[in-house]
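S.K.: how would this look folded up:
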Amino acid sequence: MHRRLFLVASSALVATATLASTYFAAPTMAQSRKETLVVLVENGPNSLDIHGVGTSFRSYVAAWNMYDRLVTFGRKTLPDGTLSYDYSKIEPELAESYSIAADGKSVTFKLRKDAKFHDGSPVTAHDVKWSYDRAVSVGGFPTFQMKAGSLEKPEQFVVVDDHTFRVDLPKKDKLSLPDMAVVVPAIFNSKLAKQHATEKDPWAMEWMKTNDAGSGAFKLEKWTPGQETVLTRFDDWKGGKPSGIKRVILREVPSAGNRRALMERGDADISVDMPQKDSAEILAEGGSGKYKVVGVPIENSLKYIGLVTTMKPFDNVKVRQAIAYAVPYEQIYKSAIYGRGIPMSGAPAGVPKDASWPQPFPYKTDLEKAKALLAEAGYPNGFETTISIDLGDATASEPEAILLQEALGKIGIKTTIEKIPGANFRNAMLQKNRPIHIASFGGWLNFLDYFFFWGYHGQNAVFNTMSYQNPAMDKLIDQARYEHDPAKYEQTVKSFIKLSMDEVPRIPLYQQILDVGMQKNIVGYTYWFHRQLDFRSIEKM
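M.R.: Numbering: from 1, shown residues only. This is a model prediction of the structure:
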């Protein structure tokens, strides 16, 4: 073996052996191996507070398992037998029941009287109101998320009594109740949080980044940012059936090779968001491998190239269209993601086929057309710019960026690649100054107008990474949100899809597939809209 390759291989073996010993060497571990779940991720939480500024999607796993919401989604079985959440079913969680007013303009929740926070104190409607007030007041992502369901002002949230809470709505909104079942409207221990609030930090944002104030099925044992998050089962949880897992170790292993080695050795139970190359190879084995892979297309989600429309030359629609025709779609599908995605290019016509989403855009690789559009835009010799990527998604985004860089070079656009650490990527996108960026966005609520509300509306939310603002688009999105006539809704939706195709501030690459590797004794895995694990349903046989 070549000496350099030998050293690399040896290092990988040492790393996996070290990681394995971290989990299992201590004979005094309180829980048996069967009751402990070891989960591997490329990157873990950067905050424990779902309302925090710059909290990444990798933090959702902590927020989902440590905190309750008033309601949650039911579950269903997909055609291949995989369990999935069901966005059409809303079920009580912290609430034991709820009722919707006849006019649809208020929802009343009856709370479980025996619910407790992790410190043993009772959960009351006052905690719920404080938590909802916090979500609509802190600004940024959580406030935009609440607004998506017409949850905008503290005055809307009413404590009727200690165990009765009411939400008043300005008008009937189909998204209001589902929006209360996503990750953001978590219920916090307000008395505990207030003990750590200050005049400058009235919502205890600093303290909540690193501490647990929840009532969820799991409580925080230890969090070492960049290394691991350890959760233990909360035996007094009242929101559902207790988990068969007593302890969860969420371990951050940046190397895809090390993650795969740990799984193959049986030293880890689950590997989340697997690299497409690994999942494609394991699936090709036809189930004969040491562990299995479950892949589910992520609803209402796209991997895309974003172009910041407030920066020159990307304020010019012809420049954006030129780049859309230069993208090496087929190479990306085959070489960067190994076919583990649903292509979103090459639609036969420049009009939507229907009101479904995601659906392919009418662009395919055509360098001559791209050059002609650049010349029409006034850039016959191209220009220089930057492609920014998330290092937390480097296994796919880095080869995608390299392929894009090569393709753009062929039409005269010279680029450099900026690699942003995963923990900082969302903050970088908030700045809206990365001219070309490769990112992904999945709408938590499986409604097309919800995706566009977040991704294309002129309110310029965090996930409108292109800073795209068009009054015509805003009018159509707002109209669809409150349209109850199916025919009118479909026509409105098709109109704004068509506008997104023509204006192309976001170039869709593919609909992602969430690949999760797990040992063959793992049962109960459920796909969720937030792409993270729900430990409550998982068991080891």
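
S.K.: For Ala284, grab the count of nearby residues.
M.R.: As a burial measure, Ala284 scores 10 neighbours (other CB atoms under 10 Å). Every residue, glycine included, has its C-beta placed from N, CA and C.

S.K.: again with Val107
M.R.: For Val107, using other CB under 10 Å, the count is 20.

S.K.: and it, what are its phi and psi?
M.R.: Note on Val107: its backbone torsions stand at phi -130, psi 130 [degrees, to the nearest 10].

S.K.: quick one, what contacts it?
M.R.: By CB atoms under 8 Å, 6 or more residues apart in numbering, Val107 lies in contact with Tyr98, Ser99, Ile100, Ala101, Arg166, Val167, Leu169, Ser176, Leu177, Met180.

S.K.: Could you export those as a markdown table, including secondary structure?
M.R.: Shown next, in a markdown table, are the contacts of Val107 (DSSP: H, G, I helix; E, B strand; the rest coil):
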| residue | secondary structure |
| --- | --- |
| Tyr98 | strand |
| Ser99 | strand |
| Ile100 | strand |
| Ala101 | coil |
| Arg166 | strand |
| Val167 | strand |
| Leu169 | coil |
| Ser176 | helix |
| Leu177 | helix |
| Met180 | coil |
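
S.K.: what's the farthest-apart pair in those residues?
M.R.: Ala101 and Met180 (15.0 Å; CB to CB).

S.K.: can you list the weak-confidence ranges in the stretch 351-500 of the chain?
M.R.: For the stretch 351-500 of the chain, applying pLDDT under 70 flags no range at all.

S.K.: can you give me the helices for it?
M.R.: 367-376, 394-409, 422-430, 448-455, 471-481, 486-503 (DSSP state H, counting those that start in this stretch).

S.K.: Tell me which helix or strand comes right after the last one.
M.R.: Reading on from helix 486-503 to the C-terminus, the next helix or strand found by DSSP states H and E is strand 506-519.

S.K.: Mind giving me the packing neighbours of that next one?
M.R.: strand 270-271, helix 276-284, strand 291-297, strand 301-307, helix 317-326, strand 341-343, strand 436-442 (3 or more CB pairs under 8 Å, 6 or more residues apart in numbering; DSSP states H and E).

S.K.: So which of the ones you listed is nearest Gln511?
M.R.: Comparing the helices and strands packed on strand 506-519 by CB to CB, strand 341-343 comes nearest, at 4.0 Å.

S.K.: Check which helices and strands that closest one sits against.
M.R.: Packed against strand 341-343 by the contact rule (3+ CB pairs under 8 Å, 6+ apart) you find strand 506-519.

S.K.: follow-up on the earlier one: buried ones only from the contacts of Val107, please, as a PyMOL command.
M.R.: A single PyMOL command selects the buried members of the contacts of Val107 (16 or more other CB atoms under 10 Å):
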select buried, resi 98+166+167+169+176+177+180
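
S.K.: follow-up on the earlier one: could you dump the helices and strands packed on strand 506-519 into JSON lines and include distance to Tyr60?
M.R.: Putting those into JSON lines (distance: least, CB to CB, whole Å) gives the following:
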{"stretch": "strand 270-271", "distance to Tyr60": "16"}
{"stretch": "helix 276-284", "distance to Tyr60": "21"}
{"stretch": "strand 291-297", "distance to Tyr60": "16"}
{"stretch": "strand 301-307", "distance to Tyr60": "14"}
{"stretch": "helix 317-326", "distance to Tyr60": "31"}
{"stretch": "strand 341-343", "distance to Tyr60": "21"}
{"stretch": "strand 436-442", "distance to Tyr60": "11"}
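
S.K.: These: lowest mean pLDDT?
M.R.: Looking at the helices and strands packed on strand 506-519, the lowest mean pLDDT belongs to helix 276-284 (a mean of 91).

S.K.: Need the residues that contact that helix.
M.R.: Contacts for helix 276-284 (CB under 8 Å, 6+ apart): 256, 260, 289, 291-293, 295, 336-341, 395-396, 513, 515, 517.

S.K.: If any of the residues you listed are buried, put those into a ChimeraX selection.
M.R.: In ChimeraX, a selection of the buried entries from these looks like this (16+ other CB under 10 Å):
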select :256,260,289,291,292,293,295,336,337,338,340,341,395,396,513,515,517
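
S.K.: list the contacts for the nearest residue to Ser99 once chain neighbours are set aside?
M.R.: The shortest distance from Ser99 to any non-neighbouring residue, by CB to CB, 6 or more residues apart in numbering, is to Thr108 (5.2 Å). By CB under 8 Å, 6+ apart, Thr108 lies in contact with Tyr98, Ser99, Ala101, Val160, Thr164, Phe165, Arg166, Val167.

S.K.: what do you get if the cut-off is 7 Å, keeping everything else the same?
M.R.: Residues near Thr108 by CB atoms under 7 Å, 6 or more residues apart in numbering: Tyr98, Ser99, Thr164, Arg166.

S.K.: do Phe447 as well
M.R.: By CB under 7 Å, 6+ apart, the residues touching Phe447 are Leu175.

S.K.: again with Val294
M.R.: Contacts of Val294 (CB under 7 Å, 6+ apart): Thr82, Val516, Met518, Tyr525.
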